[in-house]
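Novice: whatever this is, show me its structure:
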Amino acid sequence: MTLPPWTNRLQSWWQATGRPRAQSLTNKVTAEGRRLTSGGRHFLVGGRRFMDGAVGFLGAARLFIDTVPRLPAEGRRLGRRLKEETPRLAASLAASAWQGLRRRSADPRTRKAALRLAPTLALLAVVAFILSSIKLVTIQADGHALTVRTTGRSVQSVLRQARIALGQGDETDPPTATRLASGTTIVVRRAVPLTVTVDGKTLKVTSARPTVKTMLEQQKISVGPLDKVVPADDGPLKKDMAVKVLRVTEKMVTETWAIPYERVEREDSGLAMGLSQVVRSGKSGSQDVTIKYTYEDGVQTGSKILDQKVTAEPVAELVAVGTSGILNRGGTQIRFLKAMNMTATAYYPGPISTGPYSDGYTAIGLKATYGVVAVDPTVIPLRSRLYIDGYGYAIAGDTGSAIKGYKIDLCYDTYDEAIRFGRRPVTVYILQYPN
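Specialist: Okay, here's the model as predicted:
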């Protein structure tokens, strides 16, 4: 911090003039005290001189103190020290003088002089008391800071002096009954309205506390170690703020979870390409899982797995996957691209099976006859060449509203043939896709 030039001049004056004068005054007081023992008359003359000098010195000190609020930090510090030391010095000197007077009170002339000196002593005592009672106080209220010199003894008295009124619910820090000391800073907090939602109820409150936490303490609303406060409880209060206290609870639960088994595929050249066969069924395992569930106001908001213990290992499923693309039927080798296990039904293209409005043609314009089958186009593309066990060669040339997924409908030339076939599982081999 850079001090202004006048502080250097003040220090120079003190070194050159102030200190010698103070030392001279001290020497005079000492000399006068010594001469006091030689006679009452000399004591009274010296005491009067001392009193005149002390009163002048105190007047100069009071003038200096009155300028203290306009000084920078260093000047104020020097002023405070002078203010603290001057009353003590004055009171000490006055007490010494009075004791001296009492010792010399047997001399009538001394008593008469003491009576003349009494007003001066009283004035010195009053000045010392006034100087010792003056306090420099800072008040922060309504967004402004005010510095006040006061002789008041409490926070309430200095607020009255500064004409700062407290409304209902307003608070001060320190409290209004606190005894003042020089350098005290008084903060005035105005009460604001807000709402607090807690335990299913919404409360309308007014508070001047500095933070949400202290407001909740004032309203005697307890907050547990897991509870949440929104906004944060260390935040400042604001007008019309909505504060919510969430009651947080935790619950530990141990549950049994299934461990899914894996599917392990193994190639099998003895199985037609596209077909698969389960060699060994899989079996799920199990594990005990300890979970911590978190609830806010009774509603689950989170969970965390704390521990997992396997109680039964899963058994993998083994599946044989066909790789053979050659089919032997009646001594003839038939090459195919894919084989599928499907459910087959049969139909007769006449009106008995298809209704009176059937024209005998399929969805792609083929004449419905033996060797034309209906499929789901998402499984087997239309116009694909097929071989069906128990039926023979066929073409995927029709669709049906009931033919979905792995279902196939086989066309027969007579109604009796279709009835005899009924419904049965078949293996369908795709020999050629369209195009």
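
Novice: list the contacts of Gly169.
Specialist: Ala191, Thr206, Ser207, Ala208 (Cβ atoms under 8 Å, 6 or more residues apart in numbering). C-beta coordinates here come from the backbone N, C-alpha and C atoms, glycine included.

Novice: count of neighbours near Gly390?
Specialist: 11 (other Cβ atoms under 10 Å).

Novice: where does it land in three-state SS?
Specialist: coil (DSSP: H, G, I helix; E, B strand; the rest coil).

Novice: how about it: what's its closest non-neighbour residue?
Specialist: Val426 (5.9 Å; Cβ to Cβ, 6 or more residues apart in numbering).

Novice: residue contacts, the one you found?
Specialist: Asn341, Met342, Thr343, Ala344, Ile388, Asp389, Gly390, Tyr391, Ile408.

Novice: show me which of those residues are buried.
Specialist: Met342, Ala344, Ile388, Tyr391, Ile408 (16 or more other Cβ atoms under 10 Å).

Novice: and the two most separated of these?
Specialist: The most widely separated members of the buried ones among the contacts of Val426, counting by Cβ to Cβ, are Met342 and Tyr391 (11.3 Å).

Novice: give the contact list for the closest residue in space to Arg383 that isn't next to it in sequence.
Specialist: Nearest non-adjacent residue to Arg383, counting by Cβ to Cβ, 6+ apart: Pro434, 3.9 Å away. Counting by Cβ under 8 Å, 6+ apart, Pro434 touches Pro381, Leu382, Arg383, Ser384.

Novice: low-confidence bits of the stretch 51-200 of the chain, can you list those?
Specialist: 51-133 (pLDDT under 70).

Novice: per-residue confidence for the residue nearest to the spatial centre of the chain?
Specialist: For the chain, Ala232 is the residue whose C-alpha lies nearest the centre (Cα atoms, centre = their mean; 5.5 Å). In this prediction, Ala232 carries a pLDDT score of 84.

Novice: need phi/psi at it.
Specialist: phi -60, psi 140 (degrees, to the nearest 10).

Novice: that one contacts Leu216, doesn't it?
Specialist: No - Ala232 is not in contact with Leu216 according to Cβ atoms under 8 Å; the separation is 11.9 Å.

Novice: which parts of stretch 271-280 are buried?
Specialist: By 16+ other Cβ under 10 Å, the buried positions in stretch 271-280 come out as Leu271, Ala272, Met273, Gly274, Leu275, Ser276.

Novice: direction included, what does the strand or helix carrying the first one pair up with?
Specialist: Taking DSSP states H and E as the criterion, Leu271 maps to strand 263-272. In its sheet, strand 263-272 lies beside strand 317-324 (parallel), with partners assigned from DSSP bridges.

Novice: just flag the most distant two among the contacts of Gly169.
Specialist: Maximum distance among the contacts of Gly169 (Cβ to Cβ): 8.0 Å, for Thr206 and Ala208.

Novice: neighbour-wise, which of those two wins?
Specialist: Ala208 (21 against 13).

Novice: got the contact list for the more buried one?
Specialist: Counting by Cβ under 8 Å, 6+ apart, the residues that Ala208 touches are Gly169, Asp170, Glu171, Arg189, Arg190, Ala191, Val192, Leu237.

Novice: try it again at 6 Å.
Specialist: Counting by Cβ atoms under 6 Å, 6 or more residues apart in numbering, Ala208 touches Gly169, Asp170, Glu171, Arg189, Ala191.

Novice: selection in ChimeraX covering whichever of the residues you listed are buried, please.
Specialist: Provided next is the ChimeraX selection string for whichever of these are buried by 16+ other Cβ under 10 Å:
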select :170,171,189,191
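
Novice: and the contacts of Ala208 as CSV, adding distance to Ser284 and secondary structure?
Specialist: Putting the contacts of Ala208 into CSV (distance: Cβ to Cβ, whole Å; DSSP: H, G, I helix; E, B strand; the rest coil) gives the following:
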residue, distance to Ser284, secondary structure
Gly169, 65, coil
Asp170, 69, coil
Glu171, 66, strand
Arg189, 65, strand
Ala191, 64, coil
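
Novice: biggest separation within the contacts of Ala208, which pair?
Specialist: Gly169 and Arg189 (9.4 Å).

Novice: do me a favour and get the end-to-end distance for stretch 402-419?
Specialist: 17 Å (Cα to Cα, to the nearest Å).

Novice: on that earlier part again, residues shared between the contacts of Thr206 and Ala208?
Specialist: With Cβ under 6 Å, 6+ apart as the test, Thr206 and Ala208 both reach Gly169, Ala191.

Novice: thinking again about what came up before, list the contacts for the closest residue to the residue nearest to the centre of the chain other than its chain neighbours?
Specialist: With sequence-adjacent residues excluded and distances taken as Cβ to Cβ, 6+ apart, Ala232 is closest to Val212, at 7.1 Å. Contact analysis of Val212 by Cβ under 6 Å, 6+ apart lists Asp233, Gly235, Val243.

Novice: name the residues of the helix or strand the last one falls within that are buried.
Specialist: If you go by DSSP H and E, Val243 is part of strand 241-246. Applying a neighbour-count criterion of 16+ other Cβ under 10 Å, the buried positions in strand 241-246 are Met241, Val243, Val245, Leu246.

Novice: ok, the closest residue to the second one other than its chain neighbours to Lys204 distance?
Specialist: With Cβ to Cβ, 6+ apart as the criterion, Val243 has its nearest non-adjacent residue at 4.8 Å, and that residue is Val196. Using Cβ to Cβ, to the nearest Å, one gets 8 Å for the distance from Val196 to Lys204.

Novice: if we can go back for a sec, which of the buried residues of strand 241-246 lies closest to Val372?
Specialist: Leu246 (69.7 Å).

Novice: for the closest one, what are its contacts?
Specialist: Counting by Cβ under 6 Å, 6+ apart, Leu246 has contacts Lys228, Glu296, Asp297.

Novice: which of those sits closest to Leu366?
Specialist: Using Cβ to Cβ, Glu296 is the member of these that lies nearest Leu366, at 66.8 Å.
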